[in-house]
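Engineer: any chance you can model this:
(chains A and B)
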Amino acid sequence: MDFDPVLLARIQFGFTVAFHIIFPSFTIGLSAWIATLLVVWRRTGEERYRELARFWTKVFAVSFAMGVVSGLVLSYQFGTNWSRFSDVVGNVVAPLIGYEVLTAFFLEATFLGIMLFGWNRVPPWLHVLSAVCVAVGTSISAFWILSANSWMQFPTGHVIRDGIAYPEDWLKIVFSPTFPLRLAHMLIAAYLTTSFVVLAIGARYLLMGKHKPYAGIMLKMGLGMAIVLAPLQAFVGDMSGLSVRDHQPAKLAAIEAHWEADAPGPVPLILFAWPDEALEKNDFEIAIPYLGSLIVTHSLSGSYPGLKAFPPEDRPPLWGPFFGFRIMVGLGFLMIFVAWTGGILWWRGRLETNRTFLRIASWMWPAGFIAVLSGWIVTEVGRQPWVATGILRTADAASPVSAGVVLTSLILFVVVYGVVFSFGIYYMNRLLVRGPVDLSREDEEAGPSRTLAAVGPGGREAYGGGRP
Amino acid sequence: MDLTFDYYLPVIWAGLIATAVAMYVILDGFDLGVGILFPFARKEAERDQMMNSIAPFWDGNETWLILGGGGLWVAFPKAYSIIMPALYLPVIVMLLALIFRGVSFEFRFVSKPRHGHWDFAFAAGSTVAAFCQGLILGGLIQGITVENGAFAGGAFDWLTPFSLMCGIGLVCGYALLGATWLIMRTEGEVAERGRRQARTILLIVLAFIALVSLWTPYAIDRIGERWFSTPNIYYLWPVPLVTAGLALLLWTALERNHTATPFLATLGLFLLSYLGLAISTFPLMVPPSVTVWQAAAVPASQIFTLIGTIFMLPIILAYTAFVYWTFRGKVRPGEGYH
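Structural biologist: You can find the predicted model right below:
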């Protein structure tokens, strides 16, 4: 059986990125939330906020470790699997990644030490500041990654000589046209993901009748964020759609499964269909008239080019963008609905007692993760067949290595990630089930007595076992 | 930009990347070394103590590896796109090993009391990562087949007796860093064992340094010429002499129960070996055919990132130093940082 090294490299990259993206989209929001809790604790002197921050820091540590190691893999894969890409656009893309390392990675990684182990070692203000540094670091990281990715989606500010991209205007490269909206979309997605995890865990504790004082804080803070962010995300998402229309029309046509090259408007919105790429049409199509025009052009009769306007070799594969988009938007609306229902209950003072709502909220924890993953599929598959639009095709970007080598490493990655991340998720879940109260009980056992502490907890607890 | 600046720019970058790699080797070197020595501690409290001595630092230490790899891509995309495919398998296995050991820091703590397999993952991951780094180093020194600016060799070109020796040598070197770190930063049985181990490991490391120093110039002509031709030999003879002096200092410091000197002397040994390596290869970026100038990114890219580096590097060094200062002092048995 013959394997195609490019296909294998794509599977490997897709697999490792898909794993990686889960963790940053959680830790960006989580670090900001922990920093917020610590700031609230400093302002109010209310110990519950500090305990809650300590509890979530444990969850954060596990998920951050997995984010770091899976990210390390990505930074080297540009070279191992995509050396032509590294060579052709290295002059432009590599400095952006370089700036991520310089401005974000060191900040996160260094202050993480104080954030995790500084509970009783450093003055509280410094500990809070470290948590803020980690939170800021994760967001700066997102800034550079999305800058690099936006340039690959719609390159500007460069010139091509002999097939190699050379930088001309760094401002245009860093702030390429699709970048600001995509950054906003990603950051809101990360905060929203965390909000729903926090909300869901709070709801779960209330349903179980455990950790009530903490559960109330989680429920309200998670819900408060979701009420604001979920509709805001719909708005930013809509604007991103307009940006895709202007800058990546082939991707838009794939998202909408819109075939006709130059049919006059109005264009219907296809809710569901089974796209057939060979026959260039949709089966089982359910569509709403006018709505396509309204959403894409913000007018009732506007039109936009369909897939047939592009030569077949320049069209993205349809399935990922089409279905991914529908899953993402569907979850987005579900999140708005749940958040606002919760808001109404809150307003009427029934938030913590309505068990139906609590049950639905407790199921919502994966919503953000799935939405992020499907949104990422829309974006990245929609860019195909280009790795850097108009400059380098994905098929021409791979390394001169044999399929056997890529296959071997792919299998290793699948096995290792399978083992490592199943354990990680199992441990995170175990921490979440135990909850914050368990933590303070550990403190009572180990904290006051130094002699007991000397024989007592080793490991992580040894750093921050007692109260100050 | 005049021609001289464009000429020196790649040299400045080569220096910066060499610095990042040196920072990585000495910083992650000692925490990998602690992982390599992990199986020799039998008691759980001792293992806790060992891990606690590096837990606040390892993540920052490992970031230098990303700066080394990322910096290579930034400043020398050509070299990056040749070296990575050529050393594909050792690079991937190193990354997988680093995954195991990286997560075992957290997993070990949260999975207590059943954490035996994460102890193993930490020790094995550290050892394999160190060994692969040695393979990568050896594979690079011995040379990479390049045609038309791309890697043109086979998947196992790196696998030679020389690179295997470099792999074992680096594991021992890191173990020495780890042992002397434990002497400096811990008390009780862990520090005592570190002192005993350091002596044995030092002898092995010296044997490896001697072996590499003889094997490399003998097997690779260009390196032999660099070291033993006149007038170079007149300038370079102090390098092995200072190395011998440092080894002697390290040995006596171990005898006299000094705490910090053994670690500092080991750092010195590492830096000197590293300097020897730099003398052997400069100005080649991908031995034997690609120089720093041929591999360099366009000046516009190098300058853009250089500005950020000049601005950020002191800040990074400052807060790295700050974290080390925050967690200074010895880790006693059964106790972390209270």
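Engineer: all the strands of the chain, in order from the start?
Structural biologist: Here I'm looking at chain A. For chain A, the strands defined by DSSP state E cover A:158-161, A:164-167, A:269-276, A:281-288, A:386-388, A:392-393.
Engineer: meant chain B actually
Structural biologist: Assigned strands in chain B, in chain order: B:146-147, B:150-151, B:284-286, B:290-291 (criterion: DSSP E).
Engineer: which helix runs longest in chain A?
Structural biologist: helix A:403-446 (DSSP state H).
Engineer: does chain B have contacts with it?
Structural biologist: Yes - interface with chain B: helix A:403-446 contributes A:404-405, A:408-409, A:412-413, A:416, A:420, A:423-424, A:427, A:430-431 (Cβ under 8 Å from any Cβ of the partner chain). (Each C-beta comes from the backbone N, C-alpha and C, glycine too.)
Engineer: please list only the buried members of the residues you listed.
Structural biologist: Buried by 16 or more other Cβ atoms under 10 Å in any protein chain shown: A:V405, A:T408, A:S409, A:L412, A:F413, A:V416, A:V420, A:F423, A:G424, A:Y427, A:L431, out of the residues of helix A:403-446 next to chain B.
Engineer: now A:A309: how far from A:H258?
Structural biologist: 10 Å (Cβ to Cβ, to the nearest Å).
Engineer: neighbour count winner among these two?
Structural biologist: A:H258 (25 against 17; other Cβ atoms under 10 Å in any protein chain shown).
Engineer: how about the more buried one, nearest residue that isn't a chain neighbour?
Structural biologist: Once flanking residues are discounted, A:H258 sits nearest to A:G306: 4.2 Å by Cβ to Cβ, 6 or more residues apart in numbering or on different chains.
Engineer: I'd like the distance between the one you found and A:G292.
Structural biologist: 10 Å.
Engineer: now B:L176: closest residue in space, sequence neighbours ignored.
Structural biologist: B:I201 is the one closest to B:L176 (Cβ to Cβ, 6+ apart), at 4.6 Å.
Engineer: sorry, back to before: contacting residues for the residue nearest to A:H258?
Structural biologist: The neighbourhood of A:G306, defined by Cβ atoms under 8 Å, 6 or more residues apart in numbering or on different chains, consists of A:A253, A:H258, A:W259, A:E260, A:A261, A:A263.
Engineer: closest to A:P5 among the residues you listed?
Structural biologist: A:A253 (29.8 Å; Cβ to Cβ).
Engineer: and the closest residue in space to A:W365 that isn't next to it in sequence, how many neighbours does it have?
Structural biologist: Nearest non-adjacent residue to A:W365, counting by Cβ to Cβ, 6+ apart: A:A200, 3.7 Å away. The tally of other residues near A:A200 (other Cβ under 10 Å) stands at 25.
Engineer: equivalent analysis for A:K172, please.
Structural biologist: If we define neighbours as other Cβ under 10 Å, then A:K172 has 15 of them.
Engineer: also B:K43?
Structural biologist: Count around B:K43 with other Cβ under 10 Å applied: 11.
Engineer: now do the contacts for the closest residue to it other than its chain neighbours.
Structural biologist: Leaving out its chain neighbours, the residue that sits closest to B:K43 by Cβ to Cβ, 6+ apart is B:E189, at 7.7 Å. Shown in contact with B:E189 (Cβ under 8 Å, 6+ apart): B:K43, B:E46, B:P333.
Engineer: and the residue lying closest to B:Y324 once chain neighbours are set aside, what pLDDT?
Structural biologist: Nearest non-adjacent residue to B:Y324, counting by Cβ to Cβ, 6+ apart: B:F57, 6.9 Å away. Per-residue pLDDT puts B:F57 at 89.
Engineer: give me the phi and psi for B:F57.
Structural biologist: Per-residue torsions, B:F57: phi -110, psi -30 (degrees, to the nearest 10).
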